[in-house]
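Student: Starting from these lines, generate the structure:
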Amino acid sequence: MENIEKEFWKKKKLKDLNDAEWEALCDHCGKCCVQKFQQGSKTVFTNIICDHLCLKDISCSIYHRRLLTGYCVKVDLNVVREMPFLLPGTCAYKLLDQGKELPAWHPLMTGDPGSVVASGNSLAAVSVITEMSAMIDPARIETIEII
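Tutor: Residues are numbered from 1 along each chain as shown. This next block holds a predicted model:
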């Protein structure tokens, strides 16, 4: 990969990563793309996914325009530190900021972009619905356990 030093995450702090390294840290689990709400001090994740999330490959169909939607949050160091409740516990940004290791199934550890799905650590392992489906049939809305 261009502009990416081997095992950069072991050598650099998040604040020192270049754009390519920052993007490479994302495991593409899709867990940050579900609707969530606060219940007291707990974040509750729902099974409602963003309409732009493609479940086939757990990617955003409008990634380079996502911030224009008004509801997508750019995951940056400020979000990691000030709004960690928006991110799952398995989020690489969150883990590294806490001084923890990347999980063994992370694509940077395995060299396989499909390892997050194969390990069951993506939204591919969860029964989800779109925002439109939730409006049509609210009975299908559920809370889900996201680590």
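
Student: Flag the shaky bits of this protein, pLDDT-wise.
Tutor: Along the chain, segments meeting pLDDT under 70 span 1-2, 147.

Student: in it, which residue is closest to the centre?
Tutor: Most central in the chain under Cα atoms, centre = their mean is C32, positioned 4.0 Å from the mean C-alpha point.

Student: Just give the closest residue to that one, not the sequence neighbours.
Tutor: Nearest in space to C32, with sequence neighbours left out and distances taken as Cβ to Cβ, 6 or more residues apart in numbering, is L87 at 5.6 Å. Using the backbone N, CA and C atoms, a C-beta is placed for each residue, glycine as well.

Student: Same check on A20?
Tutor: Beyond its immediate neighbours in the sequence, the residue positioned closest to A20 (Cβ to Cβ, 6+ apart) is N3, lying 4.1 Å away.

Student: That neighbour and L17, how far apart?
Tutor: 10 Å (Cβ to Cβ, to the nearest Å).

Student: Between those two, which is the more surrounded one?
Tutor: Neighbour comparison, N3 and L17: the larger count goes to L17, with 20 against 10 (by other Cβ atoms under 10 Å).

Student: Could you tell me which strand of the protein is the longest one?
Tutor: Of all segments of type strand in the chain, defined using DSSP state E, the longest is strand 42-49.

Student: Tell me where the chain has helices.
Tutor: Using DSSP state H, the helices found in the chain span residues 8-11, 19-25, 77-82, 92-97, 107-110, 115-118, 131-136.

Student: Tell me which other helices or strands the fifth one touches.
Tutor: Using 3 or more Cβ pairs under 8 Å, 6 or more residues apart in numbering; DSSP states H and E as the contact definition, the elements that helix 107-110 packs against are helix 115-118.

Student: what's in contact with the helix it packs on?
Tutor: D27, H28, C29, I58, W105, H106, P107, M109, D112, S122, A124, A125 (Cβ atoms under 8 Å, 6 or more residues apart in numbering).

Student: switch to 10 Å and redo it
Tutor: Among residues not part of helix 115-118, those counted as contacts by Cβ atoms under 10 Å, 6 or more residues apart in numbering are 26-31, 57-58, 90, 103-110, 112, 121-125.

Student: Torsion angles phi and psi at the closest residue to P107 other than its chain neighbours?
Tutor: Setting aside the residues directly before and after it, P107 is nearest to P113 in space (Cβ to Cβ, 6+ apart), at 5.0 Å. Torsion angles at P113 (phi, psi; degrees, to the nearest 10) stand at phi -60, psi -20.
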